[in-house]
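[1] pasting a predicted model and its sequence here:
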Amino acid sequence: MRPAFSKRGRSRRVSQPNTRAQLARLLYGGDYKLRSWLEERLQPYVLAVPKNQRIGLTHRADEVVASWPADRWHRLSAGEGSQGPRFYDWAWQSLDFRWTEPGWKQWLLARRSLSDPTEIASSFVFAPESVSLQQVVRAAGSRWQVEEAIELAKQQVGLDEYEVRHWRGWYRHITLAMFALACLTVVPRGRAKKGAQLQEQEVAQLLPLTVPEVRRLLWRLVWQAPATPEGVLYWSRWRRRHQVRAKHAHIKRRAAKRAA
C-alpha cells in the first residue's frame, strides 16, 4: 500500500487522530521538526514557545500578543492547584497562513499572569478547528500535573537520587520510585472508600491525605517504632486542619484581589 503524501511532500501515517494533547516546555515548542511530526500524525499539541518565536516572516510572538485588543483576553482556570483554581488571563489567535489538514487548525496561545500582567507565556496549539479556548486552557494546565508528579517523586521517593552507570540500573530505579509513589497515592483513596473513623464534622475541617502525609504516617507507624499511635495521628490531624485553614485563607485573599 502506497503511503499518502501531504502538500509538504513528506509521507505521513494515515490513522485515527489521537485526542490527547501533547505538552512540552520551551525547549520542544520551538522545534519545527517536532511540530511537523505531530501534525503529520494529526496529534493535537500545546507546545510552549519563547517570546522571540517567529510568527510568519517578520513578527515575534511577544509582538503579536502585544497587538491584541483588551477584549480578546478571557479569565479562565487552568485547573485546580494546591491553593485553589489556577486563574490566568488567556487569549489566542488562529494562524490561518499555516497549512493544515482539513478540519484542523493552528493557533498562537498566550497566558498572562494576574499578579504581574507583564509576565506572558506563549504556546503553539494544533487541534481540530472545533476546539474551544476553555478546552485548550484545560489541556495546557494539565502539564502542571505532570511536573508536580515528577517533583513530588523527587521529594518523597528519591526519583533523582541515583548513581548508576548503565540504562538498566537507571530504569530499575525509576520504575521502583514511581511504583512507590503510586502506592503512596493509592493509600488515601483506599482509606476514603473504607470510611474514616473520625466524626464527619472533623473530617470536613481536615485537608485530605496527601502523599507526603501518608509517607510521614507510614514512617512513624510502621517503619519506625512509634511512642504512641494516638500521638502520631493527633499531629497528623493537627497539621491537616491548619493546612486547610491556610488554603481557605489563601483562596479568600485571591478572590478579594480579583474582585478589587
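    The structure has been received and is ready for your questions. Model, not experiment: these values are computed from the prediction.
[2] show me where the stretch 51-200 of the chain has helices.
    Listed in chain order, the helices of the stretch 51-200 of the chain (DSSP state H, counting those that start in this stretch) span 61-66, 133-157, 167-194, 200-204.
[3] any chance of CSV for the ones you listed, columns distance to Ser123 and mean pLDDT?
    Every C-beta, even on glycine, is put in place using the N, C-alpha and C of the backbone. As requested, the helices of the stretch 51-200 of the chain are exported to CSV (distance: least, C-beta to C-beta, whole Å; pLDDT from 0 to 100):
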stretch, distance to Ser123, mean pLDDT
helix 61-66, 9, 92
helix 133-157, 6, 84
helix 167-194, 27, 76
helix 200-204, 38, 52
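[4] ok, which of these comes nearest Gln43?
    Among the helices of the stretch 51-200 of the chain, helix 133-157 comes nearest to Gln43, with 12.3 Å by C-beta to C-beta.
[5] ok, and what's touching the closest one?
    Around helix 133-157, the neighbours that count as contacts under C-beta atoms under 8 Å, 6 or more residues apart in numbering are 21, 23-24, 44, 46, 74, 76-79, 81, 86, 90, 92, 107, 109, 111, 123, 125, 127, 159-161, 177-178, 180-181, 184, 211-212, 215.
[6] could you dump the helices of the stretch 51-200 of the chain into JSON lines with distance to Arg239 added?
    Converted to JSON lines, these look like this (distance: least, C-beta to C-beta, whole Å):
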{"stretch": "helix 61-66", "distance to Arg239": "42"}
{"stretch": "helix 133-157", "distance to Arg239": "16"}
{"stretch": "helix 167-194", "distance to Arg239": "14"}
{"stretch": "helix 200-204", "distance to Arg239": "14"}
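[7] now render those helices as JSON lines, adding distance to Gln53 and mean neighbour count.
    JSON lines is the format used below for those (distance: least, C-beta to C-beta, whole Å; neighbours: other C-beta atoms under 10 Å):
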{"stretch": "helix 61-66", "distance to Gln53": "4", "mean neighbour count": "17"}
{"stretch": "helix 133-157", "distance to Gln53": "16", "mean neighbour count": "16"}
{"stretch": "helix 167-194", "distance to Gln53": "32", "mean neighbour count": "13"}
{"stretch": "helix 200-204", "distance to Gln53": "47", "mean neighbour count": "10"}
